[in-house]
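[1] prediction below, plus the sequence it came from.
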Amino acid sequence: MTSRMEMAAPIAQAETKRKGPLVYRQSVWTRLTHWSWAICLFFLLLSGLQIFNAHPALYLGQESGFQYDNALLRIDAINTPEGPRGRTQILGNTFDTTGVLGLSGTAEQPQFRGVPRALTIPSYRDLGTGRVIHFFFAWLFLTILLVWAVASLVNGHLRRDLVPTRSDLAGLPKDIADHARLRFHHGRSYTVLQKLSYGAVLFVLFPLVILTGLSMSPGLNAALPWLLDLFGGRQTARTIHFLAMASLVLFFVVHIAMVIAAGPINELRSMITGWYRTGPETTPDAGDRA
Amino acid sequence: MSSLRITRRGLLGLGAASASSLVLSGCDLFDGIGSQDSRARRFLEKANDVTYRAQRLLIRDGALAPEYSESEIRQGQRPNGSRDPRSPEYLALKANDFRDYRLSITGLVEKPVSFSLDKLRNMPSRTQITRHDCVEGWSCIAKWTGTPLSGPLSEAKLKPEARFLVFHCYDDLGSAVSGPQLYYESCDLIDAHHPQTILAYGLNGQPLPVANGAPIRLRVERALGYKQPKYVHTIEAVSHYTGFGRGKGGYWEDRGYDWYGGI
């Protein structure tokens, strides 16, 4: 009994020592827009894959080659002596993707579709409904981006937290090495890798996914023909729209992995309540909590 | 420390379980939106009105869809939907090379008129190389020749209460208990009077083939393919399009597509 109590005291002391102050890190605007985007992107992704399933191929240029080949990616199903197989062709390479792409579902109920039903909304084939959902959340997504941009300009989030400073950039190699070793700094501000990856999402991928989406509109092609020139044609814009989506999915996967590795409770708390537990190297400041 | 580790692992597990359940059954969860009379769908559909209004506001009424050069026509126009209507009236017209075909303009007009194919061919013509965008996602560039719709419309003289045109077609895409489900479409007067909106009778320098809508198909170049009906026989000027089909303004609109079709 005695020995166990003696052991407990120094550990408790060490635990308090490892903590820095609780700092108010995320404004209500950042938190609201963050979660709204999460919801929007969930629906945009799955309704987007529903739309993609209507013609699961991606091309380069203005049009889709039917009597010549300008496809970069094509998903379909073929008949083989062993029965139907799902097939995915990427840049001239052919892959058997039975079970996932081209042919999915069960042996009793095979489904000939681009991406499987688990990845589309609605689960069954319904392009019209996919479009209704996609455009609703596209408007919401754009509105939230505008709200976020105004709020972040006004409250200083953009300048203070997102634009990397010269010393941030000088510390980039060290930050990469730290992240690779899963050694995280729980400071007041984002690390330079965070700034760069959030910056890439907010200033590159979000505008890119919106502009390539608009480039697919025959209506807007009449008003803004330069969009087509910028992206190299409607079908190239559609391909870039798809690649931007894939990049956002990749960001999401890394983002979740980093949240889990850095301490999911603290990270989630900061994005829900705004308060973030810093590391011991952080010096307390007015407005912090213990 | 150990309790924290369990919490983290527990959270991880919980996160993974909820994420995978979202992904696995994900998407059945929202299947209700597919039903045309679901309240959620009617709410989400309001975004389509926003798109229509925003595009009408942003895009000049006369702004032209991009036109392409001859060298960009690299293949024939891909036919889609109906390719070979089988109704007796259509077959009779086709047998006679459409010499008995008439395009009628009816409804809210001062003077209902009809035009033979020869008459339409002798009206001012416009040839345009444009990109056809299917709602499915593919595009195809082709050269269309026809007479701007505004010509025949001005002969019929729309009444002031006319706000939309409904296009009636010979083709159907399947039958229901009530009979064949005939294709129809509608557009507003901005698209109707747009300089590139033509009653097309020629494709890539040849008479319009049956698969692409012979003898007359509409081209509305700032909209998706389903807004460009083929095998048109009657254009009806109306104050609203709710009185046709299931009331949504077109064959595909009745089946869940948006009426505007500009994106």
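    That came through, no problem.

[2] where along the stretch 1-150 of chain A do the strands fall?
    In the stretch 1-150 of chain A, the strands defined using DSSP state E, counting those that start in this stretch lie at A:22-24, A:57-59, A:71-80, A:83-90, A:93-96, A:102-105, A:110-113.

[3] output those as a markdown table; include the columns distance to chain B, mean pLDDT and mean neighbour count.
    Where C-beta positions appear, they are placed from N, C-alpha and C, glycine not excepted. Compiled in a markdown table, those are given as follows (distance: least, Cβ to the nearest Cβ, whole Å; pLDDT from 0 to 100; neighbours: other Cβ atoms under 10 Å in any protein chain shown):
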| stretch | distance to chain B | mean pLDDT | mean neighbour count |
| --- | --- | --- | --- |
| strand A:22-24 | 17 | 94 | 18 |
| strand A:57-59 | 8 | 98 | 23 |
| strand A:71-80 | 10 | 97 | 16 |
| strand A:83-90 | 16 | 96 | 17 |
| strand A:93-96 | 21 | 97 | 11 |
| strand A:102-105 | 13 | 95 | 21 |
| strand A:110-113 | 12 | 94 | 17 |
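
[4] distance to A:H241 added to the ones you listed, as CSV?
    Putting those into CSV (distance: least, Cβ to Cβ, whole Å) gives the following:
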stretch, distance to A:H241
strand A:22-24, 37
strand A:57-59, 9
strand A:71-80, 13
strand A:83-90, 17
strand A:93-96, 22
strand A:102-105, 21
strand A:110-113, 20
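
[5] domain-wise, how is chain B divided?
    The record's domain parsing of chain B by automatic domain parsing lists B:1-40, B:45-255.

[6] hmm, the longest one in reach of chain A?
    Yes: remark: domain B:45-255 sits within contact range of chain A at B:45-48, B:50-51, B:55, B:58-60, B:63-66, B:68, B:72, B:74-76, B:78, B:131, B:133-141, B:221-224, B:252, B:255, by Cβ under 8 Å from any Cβ of the partner chain.

[7] any idea of the mean pLDDT in that domain?
    For domain B:45-255, mean pLDDT rounds to 97.

[8] next: stretch A:244-254.
    In this model, stretch A:244-254 carries a mean pLDDT of 98.

[9] need the three-state assignment for B:C169.
    Three-state call for B:C169 (DSSP: H, G, I helix; E, B strand; the rest coil): strand.

[10] find the nearest non-adjacent residue to it, please.
    Excluding its sequence neighbours, the residue lying closest to B:C169 (Cβ to Cβ, 6 or more residues apart in numbering or on different chains) is B:Y183, at 4.2 Å.

[11] can you classify that neighbour by secondary structure?
    When classified by three-state DSSP, B:Y183 comes out as strand.

[12] nearest to chain B: which residue in the stretch 151-290 of chain A?
    When distances are taken as Cβ to the nearest Cβ, the stretch 151-290 of chain A reaches nearest to chain B at A:G219, 3.2 Å away.

[13] what sits up against the strand or helix carrying that residue?
    Taking DSSP states H and E as the definition, one finds A:G219 inside helix A:218-223. Outside helix A:218-223, the residues that touch it by Cβ atoms under 8 Å, 6 or more residues apart in numbering or on different chains are A:214-215, A:227-228, A:234, B:55, B:58-60, B:63-66, B:131, B:133, B:221-224, B:260, B:262-263.

[14] tell me the phi and psi of the closest residue to A:G233 other than its chain neighbours?
    With sequence-adjacent residues excluded and distances taken as Cβ to Cβ, 6+ apart, A:G233 is closest to A:Q62, at 3.8 Å. Taking degrees, to the nearest 10, you get phi -80, psi -40 for the backbone angles of A:Q62.

[15] select only the buried ones of the residues of domain B:45-255 next to chain A in ChimeraX?
    Selecting in ChimeraX just the buried members of those, where the criterion is 16 or more other Cβ atoms under 10 Å in any protein chain shown, is done with this command:
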select /B:45,47,48,51,55,59,63,64,65,66,68,72,76,78,131,133,134,135,136,137,138,139,140,141,221,222,223,224,252,255
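
[16] ok, back up a step: buried ones in the helix or strand just after the helix holding A:G219?
    Using DSSP H and E, the next helix or strand after helix A:218-223 towards the C-terminus is helix A:225-231. Within helix A:225-231, the residues that qualify as buried by neighbour count (16+ other Cβ under 10 Å) are A:P225, A:L227, A:L228, A:F231.
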